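Participant: With the input below, show me the fold.
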Amino acid sequence: MTVLPDMTEAQIRRYARHIVLPEIGGVGQTRLMAAKVLVIGAGGLGAPALQYLAAAGIGTLGVIDDDTVDLSNLQRQIIHRTADIGVAKADSARRALGDINPEIAVRPHKERLTAANAEQILADYDVVADGSDNFATRYLLNDTCYHLKKILVSAAILRFDGQISTYKSWQGGHHPCLRCLFPAAPSEDSVPSCAQAGVLGALAGTLGALQATEVVKEILGIGRSLSGRLLTYDALAASFDEMAITKRPDCPTCGTR
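Facilitator: Take a look at the predicted model:
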């Protein structure tokens, strides 16, 4: 990360509720202000995650999305307005984040993440938050973050259920990666999309806010990391459950064999 900046009086007022937390304080807040976070997708998960990361004072927020705002997005993608229909989601996100916190830098990447551009885009960020909606992108992010030694906070939602975990298997030890949990991607036909199966709008806010929380924790090095654990949420039952993720020696990405 870059050199930690000094805070102005206005910044002290803006982040006062963070600064009074012993776990964050002024030093922690300046770390957030120096951090660079890339959010994959300005959709259901990315929208709330971006809002809270901007409000937290993350110094540089990148958002990659090649889509435009559609009327059907507005049920859950709360960063966008009705007036933004037809606008590139990355541009709409930049406008919204600037309204929340004009002091941060927002970098819109109006392109699709591919094997050809993944390393170049991810290289300049400290932490990656995955809010993508397909397995190909998730596996690409997992492998790229492993090779670039980037922390990956990944979440997924469908219908009334959500899940989230943090992957940093490049640190060694017990830390697994996404392929340790899902060695092979299921077929596209076996897992319906949100458009096919539906999704509760507020569920996206719950998991997106959790992503922002875990990103902040990883930047500051506070609390217990979700690495090695998969946290699941059932909105209908109003319950959270936790499952341990074991590092696989034969993992094609981070395994030792």
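
Participant: so what's the nearest residue to Gly43 once chain neighbours are set aside up against?
Facilitator: In space, and not counting its chain neighbours, Gly43 is closest to Gln77: 5.3 Å by C-beta to C-beta, 6 or more residues apart in numbering. Yep, even glycine has a C-beta here, placed from its N, CA and C like the rest. By C-beta atoms under 8 Å, 6 or more residues apart in numbering, the residues touching Gln77 are Ala42, Gly43, Gly44, Gly46, Ala47, Val69, Lys89, Ala204.

Participant: Keep only those of these that are in helices.
Facilitator: Counting by DSSP state H, the part of the contacts of Gln77 found in helices is Gly46, Ala47, Lys89, Ala204.

Participant: Distance check, the third one against Ile24.
Facilitator: The reference is to Lys89. 30 Å (C-beta to C-beta, to the nearest Å).

Participant: do the same with the first one
Facilitator: Applying C-beta to C-beta, the value for Gly46 to Ile24 is 24 Å.

Participant: which one of the two has more residues nearby?
Facilitator: Ranked by neighbour count (other C-beta atoms under 10 Å), Gly46 and Ile24 place Gly46 first, with 29 against 20.

Participant: Grab the nearest non-local neighbour of the more buried one.
Facilitator: Using C-beta to C-beta, 6+ apart, the closest residue to Gly46 is Gly131 (3.9 Å).

Participant: is it true that the one you found touches Gly41?
Facilitator: Yes: contact criterion C-beta atoms under 8 Å: Gly131 and Gly41 qualify, at 4.0 Å.

Participant: Alpha carbons only: can I get the helix-or-strand element of the chain with minimal mean pLDDT in CSV?
Facilitator: The weakest-scoring helix or strand in the chain, judged by mean pLDDT, DSSP states H and E, is helix 194-197 (a mean of 82). The C-alpha coordinates for helix 194-197 follow below in CSV (Å, rounded to 0.1, in the frame of the first residue of the first chain):
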residue,chain,number,x,y,z
CYS,A,194,-31.1,-14.9,-10.7
ALA,A,195,-33.1,-14.1,-13.8
GLN,A,196,-34.4,-17.7,-14.0
ALA,A,197,-34.8,-18.4,-10.3
